[in-house]
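Undergrad: what follows is a protein structure lacking sequence information:
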Ligand SMILES: Cc1cc2nc3c(=O)[nH]c(=O)nc-3n(C[C@H](O)[C@H](O)[C@H](O)COP(=O)(O)OP(=O)(O)OC[C@H]3O[C@@H](n4cnc5c(N)ncnc54)[C@H](O)[C@@H]3O)c2cc1C
């Protein structure tokens, strides 16, 4: 049984990892177009500073991330944020702490929400209407997260909480993001409790009764998320997986037995019984254009956003007082959507006399987002100086632009995923996985990569052994004879 994995981001690596853990022997080839593995996971170590150029953490309440970390033997590297969670929101002219117990959009504690200065008294009265309003969602009809929240809690909650928090994570406005693909729990909450606020408060009470405090759900690795990629590369190699970088798949052809022959950019061909397409939206759409045009069209309809991460290192002496908070979200016009003070949030990110700050600049903040690097850095540093009172220039800066690679799950996204699945029904051992389709968070990508590997291999097993050959990759026995 041979599995081909196209793309060496976290989805493809997780798919390959799953294949090595099957009872049956699976020969795995992972092909990555660029010269490095990890895709958007990208860590740099320089002068005692740990820069995360892509994601910097993952949520631990979705178990796939922590589980993979444990399977790789990295459990002792897992770290949580330093101290208690302390994130602010810049609203109504200044930084204001997020109310204790605030979830992504809803409060799990009533009093801090009632007393917060982030919302105006009128916004709070409007939000309270949620307690009495009837259900607003139509079963089976997706809508924007912002639409539901506006109907139930009013524009204040959308503008002050939902857009900065959810929009900050997904790089898009809640008025575009799909309820069913991004926050399906809101539909479940409305169905079960009618009021979203009552549902969130009930969940908060339950969590507190079970002894789960207001701790942050985020986790990362001491040496950065790049160490997850390094461990996967090492252990996949040890398990006999062939991992190749600089290997771009350009064309896919179905084999008679239901497998695949992939043609690389240099004309080399690689065949397999099953395949995971984990190269992202654009690559998967392009590769499926001839074989499954409907899947390709559906993938092409997933908008791709650009996002930029600006990392800045300041001397501690540049601050009026050492920063204590872990960062803030912007609820007011600014050249950034939010800031993580990485050296306060995570241990070991910078030397003691340095402060590492990471600012996010989504494309919706255009034109600033598309300014040249020096202009962008200047905009961001002026803004930080104004908000934090910083009195010196950064001693090191890094700008990482992720151009048109952030999939935005807009309304109807799940229908598009269903179209992809229907279009590939005739080729059940070909599976599209990861951030293109079923979740952009790292745990989602890991879970989906693993699940799709199981489905692809099971489908190939049902189809029976094929005559596929690896033209360029020696089999295990060939390797041991060599
Ligand atoms: C700035 C930023 C911050 C983020 N923050 C967080 C966070 O804090 N927490 C979180 O959980 N998630 C976060 N995310 C989201 C998360 O990082 C991504 O959704 C996830 O890493 C995507 O993984 P993937 O493997 O599906 O895709 P990718 O990482 O995009 O990997 C796809 C790989 O396929 C390769 N490829 C493409 N075409 C081909 C081809 N034809 N042949 C061979 N290889 C090909 C590409 O080179 C690439 O390496 C963030 C993303 C960004 C950009």
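TA: That came through, no problem. Quantities reported herein were computed from a predicted structural model and do not represent experimental measurements. Numbering: from 1, shown residues only.
Undergrad: in the helix of greatest length in the chain, which residues are buried?
TA: In terms of residue count, the longest helix belonging to the chain (DSSP state H) is helix 442-463. Buried residues in helix 442-463, defined by neighbour count with 16 or more other CB atoms under 10 Å: 442-453, 455-457, 459-461, 463. For glycine as for every other residue, the C-beta is placed from the backbone atoms N, C-alpha and C.
Undergrad: quick one: residue 49 from the ligand, how far?
TA: Relative to the ligand, residue 49 is positioned 18 Å away (CB to the nearest ligand atom, to the nearest Å).
Undergrad: err, residue 98, not the other one
TA: In this view, residue 98 and the ligand are 17 Å apart by CB to the nearest ligand atom.
Undergrad: show me what contacts that residue?
TA: Neighbouring residues of residue 98 by CB atoms under 8 Å, 6 or more residues apart in numbering: 87-89, 118.
Undergrad: got it, and residue 169?
TA: With CB under 8 Å, 6+ apart, residue 169 has no contacts at all.
Undergrad: isn't there a helix covering residue 51?
TA: No: in this structure, residue 51 is strand, not part of a helix, as judged by DSSP: H, G, I helix; E, B strand; the rest coil.
Undergrad: quick check, it in contact with residue 398.
TA: Yes: here residue 51 reaches residue 398: they are 5.3 Å apart, a contact under CB atoms under 8 Å.
Undergrad: shared neighbours of the two, anything?
TA: In contact with both residue 51 and residue 398: 44, 311, using CB under 8 Å, 6+ apart.
Undergrad: which one's more surrounded, these two?
TA: residue 51 (23 against 19; other CB atoms under 10 Å).
Undergrad: which strand residues bridge the more buried one?
TA: residue 44 (DSSP bridges).
Undergrad: list the contacts for it?
TA: By CB under 8 Å, 6+ apart, the neighbours of residue 51 are 43-45, 311, 356, 398.
Undergrad: spell out which parts of the stretch 251-400 of the chain neighbour the ligand.
TA: 278-280, 283, 307, 309 (CB under 6 Å from any ligand atom).
Undergrad: so which of those wins on neighbours?
TA: residue 278 (33 neighbours).
Undergrad: now residue 59. Nearest residue, chain neighbours left out?
TA: residue 217 (4.8 Å; CB to CB, 6 or more residues apart in numbering).
Undergrad: thinking again about what came up before, please go through the buried residues of helix 442-463 and note which also touch the ligand.
TA: Among these, proximity to the ligand is found for 442, 445 (CB under 6 Å from any ligand atom).
Undergrad: how about the residues of the stretch 1-150 of the chain near the ligand?
TA: 6-12, 31-34, 39-41, 54-58.
Undergrad: okay, and which of those residues map to strands?
TA: Among these, the members found in strands (DSSP state E) are 6, 31, 58.
Undergrad: got a winner among the residues you listed for most neighbours?
TA: residue 6 (29 neighbours).
Undergrad: got a list of what it touches?
TA: 12, 31, 249, 262, 275-279, 283, 287.
Undergrad: quick revisit: my guess is the residue nearest to residue 59 meets residue 61, correct?
TA: Yes: in this structure residue 217 lies within contact range of residue 61 using CB under 8 Å: 5.1 Å.
Undergrad: what does the pLDDT read for residue 214?
TA: Turning to residue 214, the model gives it a pLDDT of 60.
Undergrad: got a list of contacts for the helix or strand where residue 188 lies?
TA: Element membership for residue 188, per DSSP states H and E: helix 184-193. Contacts to helix 184-193, defined as CB under 8 Å, 6+ apart, come from residues 105, 135-137, 145, 148, 152, 179-180, 196, 199-200, 202.
Undergrad: in stretch 126-145, what counts as buried?
TA: So for stretch 126-145, counting by 16+ other CB under 10 Å, buried means 126-127, 130, 136-137, 142-145.
Undergrad: so which of the residues you listed is the closest to residue 25?
TA: Comparing those against residue 25 with CB to CB places residue 142 closest, at 42.2 Å.
Undergrad: measure the residue nearest to that closest one when sequence neighbours are not counted to residue 330 for me?
TA: Excluding its sequence neighbours, the residue lying closest to residue 142 (CB to CB, 6+ apart) is residue 180, at 4.5 Å. Counting by CB to CB, to the nearest Å, the separation of residue 180 from residue 330 is 27 Å.
Undergrad: could I get the buried residues of stretch 126-145 as TSV with pLDDT, secondary structure and distance to residue 341?
TA: Putting the buried residues of stretch 126-145 into TSV (pLDDT from 0 to 100; DSSP: H, G, I helix; E, B strand; the rest coil; distance: CB to CB, whole Å) gives the following:
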residue	pLDDT	secondary structure	distance to residue 341
126	98	helix	33
127	97	helix	29
130	98	helix	33
136	96	coil	38
137	97	coil	38
142	98	coil	36
143	98	coil	36
144	98	strand	31
145	98	helix	28
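Undergrad: residue contacts, residue 281?
TA: With contacts defined as CB under 8 Å, 6+ apart, the neighbours of residue 281 are 299-300, 302, 304, 407, 435-436.
Undergrad: identify the farthest-apart pair in these.
TA: Of all pairs in those, the most separated under CB to CB is 300 and 435 at 15.5 Å.
Undergrad: out of the two, which sits in the busier spot?
TA: When residue 300 and residue 435 are compared for neighbours, residue 435 comes out ahead with 26 against 17, by other CB under 10 Å.
Undergrad: is it correct that the more buried one is in contact with residue 445?
TA: Yes: counting by CB under 8 Å, residue 435 touches residue 445, with 5.5 Å between them.
Undergrad: identify the contacts common to those two.
TA: 9, 11.
Undergrad: so what pLDDT did residue 327 get?
TA: 96.
Undergrad: coming back round to it: show me which of the contacts of residue 51 are buried.
TA: The buried subset of those (16+ other CB under 10 Å) comprises 43, 311, 356, 398.
Undergrad: for the residue of the stretch 51-200 of the chain found nearest the ligand, what are its contacts?
TA: In the stretch 51-200 of the chain, the residue that lies nearest the ligand is residue 55 (3.0 Å; CB to the nearest ligand atom). For residue 55, the contact set (CB under 8 Å, 6+ apart) comprises 40-41, 225, 442.
Undergrad: how is the chain partitioned into domains?
TA: 2-40+224-302+410-481, 92-209, 304-407 (automatic domain parsing).
Undergrad: buried sites along the helix or strand harbouring residue 415?
TA: Element membership for residue 415, per DSSP H and E: helix 413-423. Neighbour counts using 16+ other CB under 10 Å place 413-414, 416-417, 419-420, 423 of helix 413-423 among the buried residues.
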